[in-house]
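*Asks:* sequence and predicted structure, then a few things I'm wondering about:
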Amino acid sequence: METSLRLPLSELNEGMSLPEIKKSVIQENINLYAEASQDFNPIHIDEDFAKKTPLGGTIAHGMLILAYVSQMMTAAFGRSWLAGGKLNVRFRNPARPGDTITVSGKILKVEKGEGQTFINCDVLCRNQNGESVITGEANLRVKQ
Amino acid sequence: MAKQPKLEYHQIEVGYEFPPTSYKLDASMVSTYLKAVEETSRLYQDTELVPPMAIAAYAMAALSQGISLPPGTIHVNQELEFLNTVSVRDTITCQAKVSRKQNRGRLHLMTIDLDVFNQNQKKVLAGKVGFVLPEYDEDNGR
């Protein structure tokens, strides 16, 4: 069972990059996410509808792409992320079926307090063209 | 999931609290989420833990039962705080409250605060969701 930090606290440094992940955006997953979130907005799931909008096609739910950020944080910090994680992001550009999303992050600050450590990271999702899809920060409180 | 009448932006004032929505989680619900996001972490396979972003998705689902967002609505920002772990056996209750409405030119900004509690009334998630909505057309009701 993975319950501890994947990146040991003692090895965390400001400026350290988090392990990147890459994800392909596919319509099938968007449809599944619509089911999970009950968000059946046709811009996500109806290609005929979406083609007639200024977006020109379906787009992924922003929260689906944000889930990839949470996956990166879980991969880096394990269970600590599940009860102590915080995200604050902006959705910059839509992600479309066929896109490849690279999720990256960097530790900006590590602060040791009484019995816990606070970690502040910036996070970024960009598409295959280098365009930002999500920007923001992730904070984490790790009990020692 | 009880059906609620959906309200539109112009019917909602700051401070409005959506009727709370409860979900009894189960393996099938969580499995759909895990497939959607291609989550393969052993953290969720060897335990009954639910990914916190799945809880966020259910909170958004609860919200979608209470408000009708017009075509052209953009989800612009999101804050989420994961306060406690959630098990696949838990029952969660999602609460939402309108904390800000602002008109900026022809666009409307709206921020909704989200809180999710487990069956022991312990808060497991808190957040804020920000939407930009297109101009409301009173003549056409949209």
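*Replies:* Right, received. Where do you want to start?

*Asks:* near chain B, which residues of chain A are found?
*Replies:* Proximity of chain A to chain B is confined to A:1-2, A:23, A:29-30, A:32-33, A:35-39, A:41-43, A:53, A:61-64, A:66-68, A:70-71, A:74-75, A:78-79, A:81-91 under the rule Cβ under 8 Å from any Cβ of the partner chain. Using the backbone N, CA and C atoms, a C-beta is placed for each residue, glycine as well.

*Asks:* which of these fall in strands?
*Replies:* Counting by DSSP state E, the part of the residues of chain A next to chain B found in strands is A:23, A:85, A:86, A:87, A:88, A:89, A:90, A:91.

*Asks:* the residues you listed into JSON lines, with extra columns for neighbour count, distance to residue B:68 and pLDDT?
*Replies:* Converted to JSON lines, these look like this (neighbours: other Cβ atoms under 10 Å in any protein chain shown; distance: Cβ to Cβ, whole Å; pLDDT from 0 to 100):
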{"residue": "A:23", "neighbour count": "22", "distance to residue B:68": "31", "pLDDT": "97"}
{"residue": "A:85", "neighbour count": "23", "distance to residue B:68": "31", "pLDDT": "97"}
{"residue": "A:86", "neighbour count": "19", "distance to residue B:68": "30", "pLDDT": "98"}
{"residue": "A:87", "neighbour count": "25", "distance to residue B:68": "26", "pLDDT": "98"}
{"residue": "A:88", "neighbour count": "16", "distance to residue B:68": "27", "pLDDT": "98"}
{"residue": "A:89", "neighbour count": "23", "distance to residue B:68": "25", "pLDDT": "98"}
{"residue": "A:90", "neighbour count": "13", "distance to residue B:68": "24", "pLDDT": "98"}
{"residue": "A:91", "neighbour count": "23", "distance to residue B:68": "21", "pLDDT": "98"}
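
*Asks:* farthest pair within those residues?
*Replies:* The widest separation within these, taken as Cβ to Cβ, falls between A:23 and A:86 and amounts to 21.9 Å.

*Asks:* shaky segments in chain B?
*Replies:* B:1-4, B:136-142 (pLDDT under 70).

*Asks:* strands along that one, start to end?
*Replies:* Under DSSP E, chain B gives strands at B:7-8, B:17-24, B:49-50, B:67-68, B:74-82, B:86-87, B:91-104, B:107-117, B:123-133.

*Asks:* grab the most central residue of the chain for me.
*Replies:* Here I'm looking at chain A. residue A:69 (1.6 Å; Cα atoms, centre = their mean).

*Asks:* right idea, wrong chain: chain B
*Replies:* Averaging the C-alpha coordinates of chain B gives a centre point, and the residue nearest to it by Cα atoms, centre = their mean is residue B:60 (2.1 Å).
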